[in-house]
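In: Return atomic coordinates for the entry below.
(2 chains)
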Amino acid sequence: EDQVTQSPEALRLQEGESSSLNCSYTVSGLRGLFWYRQDPGKGPEFLFTLYSAGEEKEKERLKATLTKKESFLHITAPKPEDSATYLCAVQASGGSYIPTFGRGTSLIVHP
Amino acid sequence: NAGVMQNPRHLVRRRGQEARLRCSPMKGHSHVYWYRQLPEEGLKFMVYLQKENIIDESGMPKERFSAEFPKEGPSILRIQQVVRGDSAAYFCASSPQGKETQYFGPGTRLLVL
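Out: Numbers count the residues shown, from 1 in each chain, chains lettered A, B, ... in the order given. Presented below is the predicted three-dimensional model:
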């Protein structure tokens, strides 16, 4: 059974204080790993898809990296508007390609 | 390009009533997924549909819940005889052909009184 564990569950940062969110996964053949951002009362917003170990993607202050066992979402010099819950999901190759989601990391960035 | 649309955004039902949640996928997307999210929990997969076909319903309760995606019109998640435990946020996502990234709608928040 595919499993996704995100840590920490919650993270409080000061504006400008860089940090990383972790997504550890177990999957029988990884097809893709996804990062989403979810604001309160809204649907998940797609950020990145990573397909193979060593791959990296960047968007503004965010950078996602992937190894064979985990992914990191690095946040550089965060701003209060980066406050949200960040969700990680893995998609196994084969089957119906339904992604398995982690519980998310709730990030609060204080001004 | 309009995103995934869901309606209603909020739905209040009394125990025993029926709830119908609608989802229109992004233009060009023919695959629809339904998820349920409870407070402090992750997204739980319910059902995966293509036009006129249910591909995977392994996450959907066997009783009271059904889903369809007709040839014309939105996908519908139907919950019969709702109970308080059905209160949750229900999200729909779509993708072009099933293997790709899923894009989510804003969700329907169901409250059962």
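In: for chain B, what are the nearby residues on chain A?
Out: A:4, A:31-32, A:34, A:36, A:41-46, A:49, A:87, A:89, A:91, A:96-104 (C-beta under 8 Å from any C-beta of the partner chain). Using the backbone N, CA and C atoms, a C-beta is placed for each residue, glycine as well.
In: buried subset of those residues?
Out: For the residues of chain A next to chain B, a burial check counting by 16 or more other C-beta atoms under 10 Å in any protein chain shown picks out A:4, A:31-32, A:34, A:36, A:43-44, A:49, A:87, A:89, A:91, A:97-104.
In: so what does the one helix or strand B:A89 maps to touch, helix or strand wise?
Out: Per DSSP states H and E, B:A89 falls inside strand B:88-95. When contacts are defined as 3 or more C-beta pairs under 8 Å, 6 or more residues apart in numbering or on different chains; DSSP states H and E, strand B:88-95 packs onto strand B:19-24, strand B:31-37, strand B:75-79, strand B:103-104, strand B:108-112.
In: now the ones you listed in a markdown table, with mean neighbour count and mean pLDDT?
Out: Compiled in a markdown table, the helices and strands packed on strand B:88-95 are given as follows (neighbours: other C-beta atoms under 10 Å in any protein chain shown; pLDDT from 0 to 100):
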| stretch | mean neighbour count | mean pLDDT |
| --- | --- | --- |
| strand B:19-24 | 20 | 98 |
| strand B:31-37 | 24 | 96 |
| strand B:75-79 | 20 | 98 |
| strand B:103-104 | 22 | 96 |
| strand B:108-112 | 18 | 97 |
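In: Is it possible to get TSV of these that adds distance to A:R12?
Out: Converted to TSV, the helices and strands packed on strand B:88-95 look like this (distance: least, C-beta to C-beta, whole Å):
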stretch	distance to A:R12
strand B:19-24	35
strand B:31-37	23
strand B:75-79	36
strand B:103-104	26
strand B:108-112	27
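In: didn't A:T67 look like it was pressed against A:A53?
Out: Yes - using C-beta atoms under 8 Å, A:T67 is in contact with A:A53, at 5.3 Å.
In: just to revisit the earlier point, tell me the strands beside the strand holding B:A89, with direction?
Out: Strand B:88-95 has the following strand partners under DSSP bridges: strand B:31-37 (antiparallel), strand B:103-104 (antiparallel), strand B:108-112 (antiparallel).
In: among those, which is nearest B:F65?
Out: strand B:31-37 (9.3 Å; C-beta to C-beta).
In: That closest one vs strand B:75-79, what angle?
Out: Strand B:31-37 and strand B:75-79 are oriented at 30 degrees to each other (axes from the mean of the first three to the mean of the last three C-alpha atoms, to 10 degrees).
In: Downstream of strand B:31-37, the next helix or strand is which one?
Out: Once the chain leaves strand B:31-37, the next helix or strand it forms, by DSSP H and E, is strand B:43-50.
In: Give the buried residues for that following strand.
Out: Judged by neighbour count using 16+ other C-beta under 10 Å, the buried positions of strand B:43-50 are B:L43, B:F45, B:M46, B:V47, B:Y48, B:L49.
In: and the first one, what is it in contact with?
Out: Neighbouring residues of B:L43 by C-beta atoms under 8 Å, 6 or more residues apart in numbering or on different chains: A:P44, A:L87, A:A89, A:F101, B:Y35, B:R36, B:Q37, B:F91.
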